[in-house]
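# Okay, predicted coordinates and the sequence, questions at the end:
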Amino acid sequence: MSHRKKISKTFAATISSQLCNFIFLPFISRLYSPNEFSQWAIFLVIVMIIGTVATFKYADAIVIEVNNEERTNLFYGSLLAIFISSTIGATIGLFFFSFPIALLLFLSIFGIGFQTLSQQVFLKNTHLGRFVTITFLNSFLVPTFQLISGKFIAPTGLFLIAGATTGYLLTATIGFLLIINGQYLSRKPLDKSLFKTLIRYKKFPLFSMSYTLLSALRLRAIYFFMHNIDPSLNSYYAQSEKLLYAPGNFMGAAVRPIFFNLISQRKIEEIEGQIISLLNAIAKIALPFMAISYIYSVEIINLFFGPKWMSMVFIFRILHFPAFFLLLINWLDRTFDVLDAQFELFRLEIIFVFLTLIIIAIVFLLLNKKENLLIIALTVNSVIYYCFWLWRLFVKANFSSIKFLKMLSVWIITILCWYLFMSFIKNSFDNFFIRIPIMIFGILAYAFFDKDIRANTTKSLK
């Protein structure tokens with residue numbers, strides 16, 4: 001199967017997952033009250049923060065390892081890590097909530113952790129059908145059992161959580177059965193080599209896991225401080241991110257597993273040209289739509305949120321810039337694992353977190369909580385970080401720094417040209433039905449003549 005078809009399959013699974021959430025949401029929201037949803041939201045934050053690192057990132061190492069016995073050791077090590085993570089979650093539940101919540105935290109984290117582990121096993125063996133099956137089942141079974149729990153048992157917060165937990169566990173069980181059926185692991189007994197393997201891959205729990213946790217905590221800190229400045233500011237920022245970062249999240253979900261599998265099998269120097277070409281293609285496809293979204297921000301907000309949300313126009317516009325760079329790099333983060341450069345990724349995140357906290361402190365203590373200044377400073381910080389992040393990846397992979405600077409310069413010039421072109425069209429034609437065809441024709445003509453776009457839409461990576 002070509003890489004283009006693989007990406008299409010993962011992208012379709014991601015879209016289907018999101019559609020499931022949208023389809024079930026109206027029914028679930030009519031069963032449970034906002035108070036029940038608030039309990040679920042708190043539970044979900046704990047589960048997602050711990051669940052994303054439940055394997056201590058040893059599961060990611062399975063994709064890189066070529067020896068089957070070593071992969072088996074990493075599998076068992078991941079299982080041990082999942083048990084520890086689930087126990088930590090249950091302990092938090094006992095201290096701050098109740099025994100039923102503690103039990104549900106243990107089971108949910110275990111279920112999510114094992115889903116991640118099974119998907120990495122399938123990815124290593126290029127069984128993409130099973131990989132996307134787990135993705136879809138999780139998004140389908142969780143809301144299904146939440147609906148069943150509320151409809152046939154009781155529409156309380158506890159059963160909303162219990163329904164989700166049932167979905168997580170059932171998906172994990174299916175993943176387990178598929179692993180047994182596929183005979184992916186060696187049948188060697190557990191011995192001392194397990195600990196030797198875990199020590200050899202210690203960078204994954206030390207740095208990759210820490211990087212993921214820091215990223216999650218940084219975002220939570222931003223939301224917390226914005227809520228303290230003004231709850232509506234927090235809502236504007238969160239909703240703008242949700243809308244603008246969606247393409248980047250889709251890109252990461254669709255391309256990351258395929259790309260991770262590819263670079264774990266080949267030397268990264270061999271595919272420098274394809275990576276740069278794909279980066280350029282993604283940028284050049286996204287930039288005209290970014291310009292349209294920026295120019296029509298008022299209309300977009302009115303369409304999605306209504307007139308009451310017009311105050312978020314400034315935030316929505318300025319977040320286009322970090323959203324664009326996140327779209328470019330979101331699928332490349334596993335490259336640091338393949339390059340054995342997890343510490344570099346962790347160090348970059350430490351710097352980013354430190355600068356973010358300094359910006360928040362300055363705005364809070366010295367600038368009297370000026371909202372617009374905070375948004376601008378955080379945006380500039382994010383854009384600089386994402387650019388530096390990409391440059392460090394180029395350095396670590398021994399890619400050409402000249403090509404990176406040239407690529408960045410082309411992106412900046414291109415977005416300025418698109419902004420001027422789209423603004424000219426908007427100001428020159430009052431009729432909406434005349435503007436849109438001209439804009440679409442301009443985008444199609446540009447795509448036809450651009451070599452990077454043609455190269456990546458007419459053939460797959462070799």
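Received, thanks.
# And the pLDDT for Phe305?
According to the prediction, Phe305 has pLDDT 78.
# Tell me how many other residues crowd it.
Using other Cβ atoms under 10 Å, the number of residues around Phe305 comes to 17. Any C-beta I mention is one placed from the backbone N, CA and C, and that applies to glycine too.
# Equivalent analysis for Gly273, please.
11.
# what's the distance between it and Trp331?
17 Å (Cβ to Cβ, to the nearest Å).
# can I assume Met226 is in contact with Asn234?
Yes: with contact defined as Cβ atoms under 8 Å, Met226 reaches Asn234; the gap is 4.1 Å.
# Among those two, which residue is more densely surrounded?
Between Met226 and Asn234, counting by other Cβ under 10 Å, Met226 is the more crowded of the two (24 against 17).
# List phi and psi for the more buried one.
phi -60, psi -40 (degrees, to the nearest 10).
# show me the contacts for it.
Leu233, Asn234, Tyr237, Leu374 (Cβ atoms under 8 Å, 6 or more residues apart in numbering).
# Return the member of these nearest to Ile42.
Comparing the contacts of Met226 against Ile42 with Cβ to Cβ places Asn234 closest, at 16.0 Å.
# if I pick the closest one, what's in contact with it?
Going by Cβ under 8 Å, 6+ apart, Asn234 touches Tyr223, Met226, His227.
# got a markdown table for the residues you listed, with distance to Arg200 and pLDDT too?
Below are these laid out as a markdown table (distance: Cβ to Cβ, whole Å; pLDDT from 0 to 100):
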| residue | distance to Arg200 | pLDDT |
| --- | --- | --- |
| Tyr223 | 38 | 79 |
| Met226 | 42 | 80 |
| His227 | 43 | 75 |
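# between these, which is closest to Ile360?
Met226 (8.9 Å).
# now the closest one: how far from Phe37?
21 Å.
# where along the stretch 101-250 of the chain do the helices fall?
Secondary structure of the stretch 101-250 of the chain (DSSP state H, counting those that start in this stretch): helices at 128-152, 157-182, 193-200, 203, 209-229, 231-244, 246-265.
# For Phe106, find the nearest of the ones you listed.
Comparison of the helices of the stretch 101-250 of the chain against Phe106 by Cβ to Cβ identifies helix 157-182 as nearest, at 9.3 Å.
# and the angle for that closest one with helix 128-152?
Interaxial angle, helix 157-182 versus helix 128-152 (axes from the mean of the first three to the mean of the last three Cα atoms, to 10 degrees): 150 degrees.
# and helix 157-182, what does it pack onto?
helix 34-51, helix 99-124, helix 128-152 (3 or more Cβ pairs under 8 Å, 6 or more residues apart in numbering; DSSP states H and E).
# Mean neighbour count, these: which tops it?
Greatest average neighbour count among the helices and strands packed on helix 157-182 goes to helix 99-124 (a mean of 23), per mean count of other Cβ atoms under 10 Å.
# quick one: that helix to chain centroid distance?
18 Å (Cα atoms, centre = their mean, to the nearest Å).
# for the chain, what are the low-confidence residue spans?
Residues of the chain meeting the criterion pLDDT under 70: 1-7, 367-369, 432, 447-462.
# Chain neighbours aside, what residue packs nearest to the residue sitting nearest the centre point of it?
In the chain, the residue lying closest to the centroid (Cα atoms, centre = their mean) is Asn249, at 4.5 Å. Among residues not flanking Asn249 along the chain, Asn330 sits closest, at 7.0 Å (Cβ to Cβ, 6 or more residues apart in numbering).
# residues contacting the one you found?
Gly248, Asn249, Met251, Gly252, Arg256.
# Same question for Ile112.
Contacts of Ile112 (Cβ under 8 Å, 6+ apart): Val47, Gly51, Thr52, Ala54, Tyr168, Ala172.
# For it, give its distance to Asn68.
26 Å.
# Buried residues, the host helix or strand of Tyr385. List them.
Tyr385 belongs to helix 371-396 when assigned by DSSP states H and E. The neighbour-count check on helix 371-396 (16 or more other Cβ atoms under 10 Å) flags 371, 374-375, 377-379, 381-382, 385-387, 389-390, 392-394, 396 as buried.
# coming back round to it: please dump the helices of the stretch 101-250 of the chain into a markdown table; it should also carry distance to Ile282 for every row.
Putting the helices of the stretch 101-250 of the chain into a markdown table (distance: least, Cβ to Cβ, whole Å) gives the following:
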| stretch | distance to Ile282 |
| --- | --- |
| helix 128-152 | 21 |
| helix 157-182 | 30 |
| helix 193-200 | 35 |
| helix 203 | 29 |
| helix 209-229 | 21 |
| helix 231-244 | 15 |
| helix 246-265 | 7 |
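# Sounds good, over and out.
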